[in-house]
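Colleague: okay, sequence plus prediction incoming.
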Amino acid sequence: MAKIQLIATAAFGLEAVVAREVRQLGYEDVMVEDGKVTFFADEAAICRTNLWLRTAERVLLKVGEFKATSFEELFEKTKALPWTDWLPVDANFPVEGKSIKSQLYSVPDCQAIVKKAVVEKMKEKYKRSWFEETGARYTIEVALLKDMATLTIDTSGAGLHKRGYRKLSAAAPLKETLGAALVLLSRWFPDRALIDPCCGSGTIPIEAAMIGANIAPGLSRQFAAESWPRLSERLWGAARQEAESLINQDIKLKITGTDINEEVLSLARYHARKAGVDKHIHFQRRPVAQIGSQSSYGWVITNPPYGERLGELKEAEFLYKEMSQAFKNLDTWSFYIITSHPKFEQLFGRPADKKRKLYNGRIQCNFYQFFGPKPPKAKVEDKEGVKP
């Protein structure tokens, strides 16, 4: 099968996590850059990466890359690319674009030039003067960065955070991809207890349960590339069959999600059922001050309120102090907390052992990591959550 080049896009700060996932899927020729992970693979990788990547935003097929400082150059070099290897005669191919620090700064003009170039390429192949675009969708993107143009086709369709289980949402839901990333960054082991004391609509516990049970996050949804003629139903069927065969529903997980809001807990239970992990998670209404566990060692991973909204700052700061006191009952546990509050460590009462800058949407945050003691004779394994 011919080699192709794919790009797994990533939120800022998660590139290394996405790269680890890509490598664990068996793709070794990996290049990590800001906001993306590029790698060579076969066509089956389009199916497998869309199904399995937990922390990537989407998977793009890279058609070509070149320097372009004039519209003529952009047109000619775009036209020279092998578009008809992928686009059938009835392809629906809208063009999106972005330009950063480039001489070709007008995005609408760049989109129009690329569209025209692709049409001209298709005219040569299909001997037509007009294309109705009634078939499968192939969203093309022209991305210009410092005069380098990268041309891609989106294979995912809806962003990969849309797993299919969250039909309803709370006021400020955590993106599923970020929820999975927090679990993977914590190096949680599925044989250990995990508590999210501010679980909201359940994203962190659900993503942890899917990791623990080895459920491919994209198994319950569809992707744009599933309707592409070049990628046969056999390829997609094999990828889905592989994913289904690797689910471990017999695993015993100790995952708890608590919150003080019964309404969001009902959403969490609904989402867990939709994700097929409700038997792995215990949701309970409980204030942070009453957090506790019978497990001697475990993980707290949580996304508490940040106090970003007017009038909520004092409540958030009180909660951080309350956490500090409550977590003393779990003195052998490790704690992983994401927040945008600049004085979190001061309010929590201790400096983090490690912190990592991440973005929750457009909000710059820190992921504060407090490491507990290792349990006696613990088996240290590197489990990142992708095990096909």
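Modeller: Ah, there it is. Residues are numbered from 1 along each chain as shown.
Colleague: using the three-state scheme, assign the closest residue to residue 61 other than its chain neighbours.
Modeller: Spatial nearest neighbour of residue 61, excluding adjacent residues (Cβ to Cβ, 6 or more residues apart in numbering): residue 153 at 4.5 Å. Placement of C-beta: from N, CA and C, glycine included. The three-state label for residue 153, taken from DSSP: H, G, I helix; E, B strand; the rest coil, comes out as strand.
Colleague: so residue 122 sits right up against residue 86, yeah?
Modeller: No. Counting by Cβ atoms under 8 Å, residue 122 sits too far from residue 86 to count as a contact (10.9 Å).
Colleague: could you pull out the helices for the chain?
Modeller: 15-24, 44-52, 71-79, 107-126, 176-185, 203-212, 233-245, 262-275, 313-326, 344-348 (DSSP state H).
Colleague: go through the fourth one and flag the buried ones.
Modeller: Applying a neighbour-count criterion of 16 or more other Cβ atoms under 10 Å, the buried positions in helix 107-126 are 110-111, 113-115, 117-119, 121-122.
Colleague: what's the answer for the shortest one, then?
Modeller: By neighbour count on 16+ other Cβ under 10 Å, the buried set for helix 344-348 is 344-345, 347-348.
Colleague: tell me how far residue 3 lies from residue 39.
Modeller: 10 Å (Cβ to Cβ, to the nearest Å).
Colleague: which one of the two is surrounded by more residues?
Modeller: residue 39 (22 against 10; other Cβ atoms under 10 Å).
Colleague: list the residues that contact that one.
Modeller: Residues in contact with residue 39 (Cβ atoms under 8 Å, 6 or more residues apart in numbering) are 5-6, 8, 22, 27, 29-31.
Colleague: what's the domain layout of this protein?
Modeller: 4-154, 176-213+248-370 (automatic domain parsing).
Colleague: so how far is the first residue of the longest one from its last?
Modeller: One end of domain 176-213+248-370 to the other measures 23 Å (Cα to Cα, to the nearest Å).
Colleague: and for the shortest one?
Modeller: From the first residue to the last, domain 4-154 extends over 14 Å; the measure is Cα to Cα.
Colleague: for the residue nearest to residue 61, name its beta-bridge partners.
Modeller: residue 61, residue 140 (DSSP bridges).
Colleague: I figured it hits residue 139, correct?
Modeller: Yes. Checked against Cβ under 8 Å, the pair residue 153 and residue 139 is within contact range at 6.8 Å.
Colleague: out of these two, which sits in the busier spot?
Modeller: residue 153 (21 against 18).
Colleague: look up how far residue 15 lies from residue 212.
Modeller: From residue 212 over to residue 15 (counting by Cβ to Cβ), the distance is 24 Å.
Colleague: go on, residue 253?
Modeller: For residue 253, the distance to residue 15 - Cβ to Cβ - is 28 Å.
Colleague: related to what we said a few turns ago, same list (the domains of the chain) but as TSV, adding mean pLDDT and distance to residue 376.
Modeller: Listed next are these as TSV, based on pLDDT from 0 to 100; distance: least, Cβ to Cβ, whole Å:
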stretch	mean pLDDT	distance to residue 376
domain 4-154	97	28
domain 176-213+248-370	95	10
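Colleague: want to throw those domains into CSV with distance to residue 238?
Modeller: Putting these into CSV (distance: least, Cβ to Cβ, whole Å) gives the following:
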stretch, distance to residue 238
domain 4-154, 7
domain 176-213+248-370, 20
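Colleague: to residue 235, which of the ones you listed lies closest?
Modeller: Comparison of these against residue 235 by Cβ to Cβ identifies domain 4-154 as nearest, at 5.5 Å.
Colleague: burial check on the nearest residue to residue 13 once chain neighbours are set aside, number of neighbours?
Modeller: Spatial nearest neighbour of residue 13, excluding adjacent residues (Cβ to Cβ, 6+ apart): residue 358 at 4.4 Å. Residue 358: 21 surrounding residues under other Cβ under 10 Å.
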